[in-house]
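Chemist: Provided below for reference: sequence and predicted model.
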Amino acid sequence: METINFKKNKRQKTFGQQERYSHVTKSIFNERLKCKDDVWLRNIDITTEDPKIVRKVRRIIEKRMCQTYHKQHKGVFHDHGNQSRHNMKRAVSYELYIIGQVENVNKVSRGNSTHWKRKYDPNTGKVVFRKKVGYHSIEEAKSSAIKLVHDKPWCHKTVNVYKCAHCNKYHIGHESKLTTNPISSISPLSIA
């Protein structure tokens, strides 16, 4: 796996995707899409949009991320082959995961939609609604819920698996009033 390191106070720090591509994320977040009534690129949810717009957004992001990857590695003259291709695809998928949020939600409720979660966005400096991870099958969602409960033993809330009416995929989330018909519930006590 490719990492970018620097030394600070005689310690070596490894950059992840967020730190490595934060400047590209900020520039993508400031772009607008002319084909969709001048809407911000960061607000397009590629899981629920028209396929023509999804292809256009994906192409824009692939181009920006590949340009950034090559700028970061312009001093390297030998070809890494599949490793370079893998790192570029990883950067593109990270950026596609980041986009798709709803802004200006300080005093707005999510309503009945459990497709969104309220999060702080470091790129805009505001609280936004971010889309949750969508799983294609119940088994995949259940295994992620079990992993979430196992990885966070300090959290004592039950995790629900439910089907989203917005995107027709499965999501996981802590028990709340919004999840009316959970398919499966995983409590921390059942894992222990």
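Modeler: Now that the structure is in, tell me what you want to look at. Numbering: from 1, shown residues only.
Chemist: Quick check: pLDDT value at the spatially most central residue of the chain.
Modeler: Nearest to the mean C-alpha position of the chain, by C-alpha atoms, centre = their mean, lies residue 97 at 3.4 Å. pLDDT recorded at residue 97 is 77.
Chemist: Would you mind identifying the next helix or strand past the helix or strand hosting residue 149?
Modeler: Using DSSP states H and E, residue 149 maps to helix 138-151. Beyond helix 138-151 on the C-terminal side, the first helix or strand identified by DSSP H and E is strand 159-163.
Chemist: Tell me the first helix or strand C-terminal of that next one.
Modeler: Note on strand 159-163: by DSSP H and E, the next helix or strand toward the C-terminus is strand 170-174.
Chemist: Quick one: list the elements packing against that following strand.
Modeler: Counting contacts by 3 or more C-beta pairs under 8 Å, 6 or more residues apart in numbering; DSSP states H and E, strand 170-174 packs against helix 138-151, strand 159-163. C-beta: built from backbone N, CA, C; applies to glycine.
Chemist: most tightly surrounded among these?
Modeler: Stretch with highest mean neighbour count among those: strand 159-163 (a mean of 21; mean count of other C-beta atoms under 10 Å).
Chemist: Between helix 138-151 and that one, find me the angle.
Modeler: Interaxial angle, strand 159-163 versus helix 138-151 (axes from the mean of the first three to the mean of the last three C-alpha atoms, to 10 degrees): 160 degrees.
Chemist: Average pLDDT for strand 159-163, rounded please.
Modeler: Summarised as a single mean, pLDDT over strand 159-163 is 86.
Chemist: Now do it against strand 170-174, angle only.
Modeler: Going by the same axes, to 10 degrees, strand 159-163 makes 150 degrees with strand 170-174.
Chemist: quick one on the thing from earlier: name the residues that touch the helix holding residue 149?
Modeler: 133, 135, 155, 159-161, 170-172, 183-184, 186-188, 191 (C-beta atoms under 8 Å, 6 or more residues apart in numbering).
Chemist: picking that back up, could you redo the helices and strands packed on strand 170-174 as CSV and give each row distance to residue 22?
Modeler: CSV is the format used below for those (distance: least, C-beta to C-beta, whole Å):
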stretch, distance to residue 22
helix 138-151, 25
strand 159-163, 30
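Chemist: residues in contact with residue 86?
Modeler: Contacts of residue 86 by C-beta under 8 Å, 6+ apart: none found.
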